[in-house]
Each structure stands twice: as C-alpha cells, then as structure tokens.
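# I'll drop the sequence and a predicted model, then ask my questions.
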Amino acid sequence: MKKLSGIALAVVLGIIAVVASQALYVVSEKEQVIITQFGEPIGEAITEPGLQIKVPFLHKANYFEKRYLEWDGDPNQVPTKDKVFIFVDTYARWQITDPLKYFQTLGDEQGAQARLDDILDGEARNAVAGHDLVELIRSTNREPVQQEDIADIVNDSLQAINVGRDKIQEQIQQLANERAKDLGIAVLDFRFKRINYAEEVRRTVYDRMISERNRIADKFRSEGQGEASRINGEKERELLRIQSEAFQEAETIRGRADARAAAIYNAAYNKNAQARELYAFLKSMEAYGRTIDSETSLIISTDSEFYKYLNSIEN
C-alpha cells in the first residue's frame, strides 16, 4: 500500500508540474505576449513583465519583440528623375506598436519583414524616381569650404537643391507609416545606406571629374604663367634701372677722377720744365701702349713728335 501511495503521489505531483508549466508563463522586459485559443487571440496584449497565468492546454502564449527591430533593404538599380541610373541600398528601424493587430495581419516577424520589403522598397523607388540625383545626395545648400582661388569654379558646378536627402528620407518614413498604420507596426527611422552610380554611368562621371580637375589645374597653370611673366618683367626693369644707375655713377666717378688727374697733370706741368717733360713722356708712353704691340708696323718720319722718344731710345 505504501508503495502504491508513493507512486500515486509521484503521478499527482507530475501532473501538477505539467499543469503548472502549461498554466504559468513569464513575460520579460523585452517581450510582449498575445494569448490565443485555437489560433484566435483572446483579450488584449500583455506588455508588462512578470509571471502570468493562462488556461493550460487550451491557451497558447505567442511572444513578440518589444525592442526596435532592423529592416535591411536589397540594393536596387533605380532611375532618378534626371534619368541617371543609380544603385540604392536602404535600411530602417521598426517596432511592434500594437501586438494584436500585428498578430492578426502579419502573424510573425518573417511576415512583417516581407510586408516591409513591399512598403519601404516601393516608397524608396518612388522617391528616387521623383527627385533629381543632386536632391538625393545633398541635404543643404551650404557652400563648401574651398580656397578662394577655386571657389568660383567649385560653386559653378554645384546645383541648388529644394528638398534634400534628409527631407526625402523623412517623406519615405511618413508614407511608409501611413501604409503600415493598420499592421500594428511603426517605422521609426529610414535611411539611404549607400547611393552609387550604375557601372555604365560611373566611367562618365569619372571622366567629368577628371575634366573638372584639369580645368582647375589649367586655371592655376595660367595664373602661374601670368605671375611668372609679371615677375620676370619687373626683374628685367629693375635690372635695367640698376645697371643704368650704376653706369651713370661710374661715369660720374670716372669724370671726377679724370678731371682731378688733369688738374694734377696741369699743376705739375706748370710747375717746372722737368715736370712738363715728365708729363709729356708719360702721355707718350700711354699713347705707345695703346697703339703699338708685337704685330704692329709703323711708318713715321724722323721728325715726328711720335718718334721723338723712340729715337732717343735708339741713341
């Protein structure tokens, strides 16, 4: 009897444990629960964390995330309004705001991701096709920080925008939420993760960028050549001025020296006959040095003044 009583007790405890495991469930801070009976939801969603009770074997607890969820779009090739084909890669953050609607319309996260693919990809395509490329890649008309000498060239290549990337992203998020308002979810954030040219367009863009850089380089080169010509012109003018002033000063000094030398010669010449003779001799020697060398032949008369000192040397 004791053995049978022990077995019966163990069976009862086992049944109680199974019933308790089916009747009790825990809701964590990151979860929310919908209770269903035969697949149909019963009551409101349970969003508060704690230990909860349900009818065992009849009710089922369906758990859903309370935290922010991630949606990552597939890169798509889309034409812009100005007929430029680009690859657009997007992502978003979303959250289950009404678990009951969510369960009734989407069922689970896989169904929600598929529905978001349809909504967000569609709105992103419409937005890209409805705006020029410059609107998708720029957010403001802020002037770029550039050097003053190329600012005009850079500003000429920039187009003014009316909407901008940030507002386009907000518009996509707003339109997506309008379409998802009956699904029990909300799109919290939408962003263009990457925008790139299609391969066939990329080479043309690179060529245009190279051409733009070459245009700036040519401008610098032209300005440099003009500045070099100006500097060389100023250098030549300054050199000529310095040479002219130096020549003038040299001639002035030479004239003063010649005048002083002549004065000294005159003073010495007028002083006595010997000095006059010395002066005449020195002047004749200077004349000989300027006119006679090893290859010079002279034909002069014996009574010539020029022959005077030569004749005295021979004697």
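All right, it came through fine. Numbers count the residues shown, from 1 in each chain.
# Quick one: neighbours of Lys181, just the number.
For Lys181, the count of nearby residues is 13 (other CB atoms under 10 Å). Using the backbone N, CA and C atoms, a C-beta is placed for each residue, glycine as well.
# what about Gln110, how many neighbours?
By other CB under 10 Å, neighbour count at Gln110 equals 9.
# Distance of it relative to Leu69?
As judged by CB to CB, to the nearest Å, Gln110 and Leu69 stand 12 Å apart.
# next one: Thr252
The gap separating Thr252 from Leu69 is 97 Å, by CB to CB.
# Quick check: what element follows the helix or strand of the chain with the lowest mean pLDDT along the chain?
Across the helices and strands of the chain, mean confidence by mean pLDDT, DSSP states H and E is lowest for helix 148-156: a mean of 47. Next along the chain after helix 148-156, taking DSSP states H and E as the criterion, comes helix 165-180.
# For that following helix, enumerate the helices and strands it packs against.
helix 109-129, helix 133-137, strand 185-197 (3 or more CB pairs under 8 Å, 6 or more residues apart in numbering; DSSP states H and E).
# closest one to Ile210 among the ones you listed?
Ile210 lies closest to strand 185-197 among these, at 14.9 Å (CB to CB).
# On the C-terminal side of the closest one, identify the next helix or strand.
Next along the chain from strand 185-197, counting by DSSP H and E, comes helix 199-271.
# Report the angle between that following helix and strand 185-197.
Calculated by axes from the mean of the first three to the mean of the last three CA atoms, to 10 degrees, helix 199-271 forms an angle of 50 degrees with strand 185-197.
# how far is helix 199-271 from where the chain is centred?
How far helix 199-271 lies from its chain's middle: 40 Å, per CA atoms, centre = their mean, to the nearest Å.
# Mind checking the pLDDT average for that helix?
For helix 199-271, the mean per-residue pLDDT is 83.
# Summarise which helices and strands it is packed against.
With contacts taken as 3+ CB pairs under 8 Å, 6+ apart, helix 199-271 sits against strand 85-96, helix 148-156, helix 273-291.
# looking at this, Trp71 is in a helix?
No. Secondary structure of Trp71 (DSSP: H, G, I helix; E, B strand; the rest coil): strand, not part of a helix.
# so the spatially closest residue to it that is not a sequence neighbour bridges to which residues?
The shortest distance from Trp71 to any non-neighbouring residue, by CB to CB, 6 or more residues apart in numbering, is to Ala92 (4.4 Å). Beta bridges link Ala92 to Trp71, Phe190, judged by DSSP bridges.
# Near Ala92, how many other residues are there?
By the criterion of other CB under 10 Å, Ala92 has 23 neighbours.
# Local confidence estimate at it?
95.
# Please tell me I have it right and it contacts Ile119.
No. Counting by CB atoms under 8 Å, Ala92 sits too far from Ile119 to count as a contact (9.6 Å).
# Now the common contact residues for those two.
Common contacts of Ala92 and Ile119 (CB atoms under 8 Å, 6 or more residues apart in numbering): Ala176.
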